[in-house]
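Peer 1: Fold the following, please.
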Amino acid sequence: MDITIAHITVLLITGFVAGIINTLAGGGSNLTLPALIIMGMPADIANATNRVGVVLQSLVASLGFKKYGKLPTHDLVPILIPTLIGSAVGAAFASVAPVTLLKPMLLSAMIGMTLVMIIKPEVIVVPAGTASLSMREKPSAWLWMGVAGFYGGFVQAGVGFILITALAGTLRYDLVRSNALKVLCSFFFTAIALGIFAWQGQVLWLPGLILACGTMAGAHFAVRFAISAKPSTLKWFLLVMTVCGSVAAMFF
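Peer 2: From the prediction side, this is the model:
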């Protein structure tokens, strides 16, 4: 497809904003997927191409959190195992499933997260000083991480909220460390999903890489903000993004 200056501008701007949103909360793909579709991509091609930006943005964010000592890795392998298995299954399913399934899954995830944040915020917002749990101590986390991986492999949009629910809600990581682990998990399982989509010939690399330039810049900015922001600020940002994601999912 032909890429115009207008396309490049839209991809860079939406990518930058999405990189910030995805790093601090989730749902940035609610911006980038419509941008790719507006360029004329079918929904399945846009869904696949969007993963290029997510992979590179997640790598930048993970390295940033690691630099500031906010990326816990002591339980990383058990966290990744169910997540990656779920992602591979989800991506394989997405490559052959009707695209009409994307919206119901996205909408359900967004509305569910919004209700949790409003009705029982303590599930997500862990009090300062709370000790995190290992996957061995919390067996139910295996299920949640597998579900998050499947959802991320299938649709990507809004997966950050599912991962935060699993990491903060079950393993009791604070929001900064939950976000750090979230973006690292996203890097691994999105890379698997991207590989499957590329093998199916569904990725348009040029617009994907242009989008990635914006998402990487946004991720870099967001990590610096997350390290210096107050926990209450991150909590409200997460709530606002969850509500916005729910609204966007209704009209996607």
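Peer 1: sec struct for the residue lying closest to residue 213 once chain neighbours are set aside, please.
Peer 2: Nearest residue to residue 213 in three dimensions, chain neighbours excluded: residue 12, at 6.2 Å (C-beta to C-beta, 6 or more residues apart in numbering). Backbone N, C-alpha and C define where each C-beta goes, glycine included. Judged by DSSP: H, G, I helix; E, B strand; the rest coil, the three-state class of residue 12 is helix.
Peer 1: can you tell me which residues contact residue 12?
Peer 2: Applying C-beta atoms under 8 Å, 6 or more residues apart in numbering to residue 12 gives the contacts 210-211, 213-214.
Peer 1: Among those residues, which one sits closest to residue 166?
Peer 2: Proximity of the contacts of residue 12 to residue 166 (C-beta to C-beta) peaks at residue 211, which lies at 26.5 Å.
Peer 1: Where does pLDDT dip in the stretch 51-200 of the chain?
Peer 2: For the stretch 51-200 of the chain, the stretches with pLDDT under 70 are 95, 97-130, 156-158.
Peer 1: now for stretch 59-75, what's the gap between its first and last residues?
Peer 2: 19 Å (C-alpha to C-alpha, to the nearest Å).
Peer 1: what does that stretch contact?
Peer 2: Applying C-beta under 8 Å, 6+ apart, the contact partners of stretch 59-75 are 19, 22-23, 132, 134-135, 171, 173, 176-177, 179-181, 183-184, 187, 216, 219-220, 222-224, 226-227.
Peer 1: Could you give the separation of that stretch from the chain centroid?
Peer 2: Here stretch 59-75 shows a centroid-to-chain-centroid distance of 16 Å under the convention C-alpha atoms, centre = their mean, to the nearest Å.
Peer 1: Would you mark the buried spots in it?
Peer 2: Buried positions in stretch 59-75, judged by neighbour count with 16 or more other C-beta atoms under 10 Å: 59-65, 70-72, 75.
Peer 1: Same list (those) but as TSV, adding secondary structure.
Peer 2: TSV is the format used below for the buried residues of stretch 59-75 (three-state DSSP):
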residue	secondary structure
59	helix
60	helix
61	helix
62	helix
63	helix
64	helix
65	helix
70	coil
71	coil
72	coil
75	coil
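Peer 1: and of those residues, the nearest to residue 199?
Peer 2: Taking these together and measuring to residue 199 by C-beta to C-beta, the closest member is residue 59, at 20.6 Å.
Peer 1: So which residue is smack in the middle of the chain?
Peer 2: residue 160 (3.7 Å; C-alpha atoms, centre = their mean).
Peer 1: May I ask which helix or strand encompasses it?
Peer 2: Taking DSSP states H and E as the criterion, residue 160 maps to helix 159-164.
Peer 1: next SSE after that helix?
Peer 2: Helix 159-164 is succeeded, C-terminally, by helix 175-199 (DSSP H and E).
Peer 1: Give me the buried stretch members for that next one, please.
Peer 2: For helix 175-199, by 16+ other C-beta under 10 Å, it's 175-194, 196-198.
Peer 1: Do I have it right that the residue nearest to the centre of the chain meets residue 26?
Peer 2: Yes - look at residue 160 against residue 26 with C-beta atoms under 8 Å: they come within range, at 2.1 Å.
Peer 1: what about stretch 76-92, distance to the chain center?
Peer 2: Counting by C-alpha atoms, centre = their mean, stretch 76-92 comes out at 14 Å from the chain centroid.
Peer 1: Next, the buried residues of it.
Peer 2: 79-80, 82-88, 90-92.
Peer 1: now do stretch 142-156
Peer 2: For stretch 142-156, by 16+ other C-beta under 10 Å, it's 142, 144-156.
Peer 1: Now tabulate the residues you listed in a markdown table and tack on distance to residue 55.
Peer 2: Converted to a markdown table, those look like this (distance: C-beta to C-beta, whole Å):
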| residue | distance to residue 55 |
| --- | --- |
| 142 | 24 |
| 144 | 22 |
| 145 | 19 |
| 146 | 20 |
| 147 | 21 |
| 148 | 17 |
| 149 | 15 |
| 150 | 18 |
| 151 | 17 |
| 152 | 12 |
| 153 | 13 |
| 154 | 16 |
| 155 | 16 |
| 156 | 10 |
